[in-house]
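Engineer: Provided below for reference: sequence and predicted model.
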Amino acid sequence: MDFDDELKGYLSATDSLETLYEWFPKEDILNLQKVGYFIHIYETDDFKFYERFQHLVINQSKSKLIEKVVLD
């Protein structure tokens, strides 16, 4: 995905863990965890569908971190 200045301060998001698996297979997520990357669940009212990259994004500064997800 190319850098887009319009997305500064936004995080890519999905509406569920099952939807995330359409982007990243569980095996890939497990490998990412090994090097320090994790899935986080946020609560927010400030989100939008970003047409250029065809996915949801949330405003990081207006989102509340609910949980860090660790798959096993």
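Structural biologist: On my side now, so go ahead.
Engineer: Helices of the protein, residue ranges please.
Structural biologist: 17-23, 26-34 (DSSP state H).
Engineer: now for the first one, which elements pack on it?
Structural biologist: Think helix 17-23. Judged by 3 or more CB pairs under 8 Å, 6 or more residues apart in numbering; DSSP states H and E, helix 17-23 is in contact with no other helix or strand. (C-beta placed from N, C-alpha, C; glycine too.)
Engineer: CA atoms only: put it into PDB for me.
Structural biologist: What follows is helix 17-23 as a C-alpha-only set of coordinates in PDB (Å, rounded to 0.1, in the frame of the first residue of the first chain):
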ATOM      1  CA  LEU A  17     -11.200 -10.800  13.500                       C
ATOM      2  CA  GLU A  18     -12.700 -13.000  10.800                       C
ATOM      3  CA  THR A  19     -12.500 -10.200   8.300                       C
ATOM      4  CA  LEU A  20      -8.900  -9.600   9.300                       C
ATOM      5  CA  TYR A  21      -8.100 -13.200   8.300                       C
ATOM      6  CA  GLU A  22      -9.200 -12.300   4.700                       C
ATOM      7  CA  TRP A  23      -6.200  -9.800   4.600                       C
END
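Engineer: Could you give the separation of the least confident helix or strand in the chain by mean pLDDT from the chain centroid?
Structural biologist: For the chain, counting by mean pLDDT, DSSP states H and E, helix 17-23 ranks last in confidence among helices and strands (a mean of 91). Relative to the centre of its chain, helix 17-23 is centred 10 Å away, using CA atoms, centre = their mean, to the nearest Å.
Engineer: neighbouring contacts of it?
Structural biologist: 14, 29, 39, 55, 69 (CB atoms under 8 Å, 6 or more residues apart in numbering).
Engineer: Which members of these are the farthest-apart pair?
Structural biologist: Maximum pairwise distance among those (CB to CB): 18.2 Å, between His55 and Val69.
Engineer: quick one on the thing from earlier: with neighbour count, pLDDT and distance to Ser63 as added columns, please give the contacts of helix 17-23 in a markdown table.
Structural biologist: Output for the contacts of helix 17-23, formatted as a markdown table (neighbours: other CB atoms under 10 Å; pLDDT from 0 to 100; distance: CB to CB, whole Å):
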| residue | neighbour count | pLDDT | distance to Ser63 |
| --- | --- | --- | --- |
| Thr14 | 15 | 95 | 14 |
| Ile29 | 19 | 96 | 20 |
| Ile39 | 16 | 96 | 14 |
| His55 | 14 | 92 | 16 |
| Val69 | 13 | 96 | 15 |
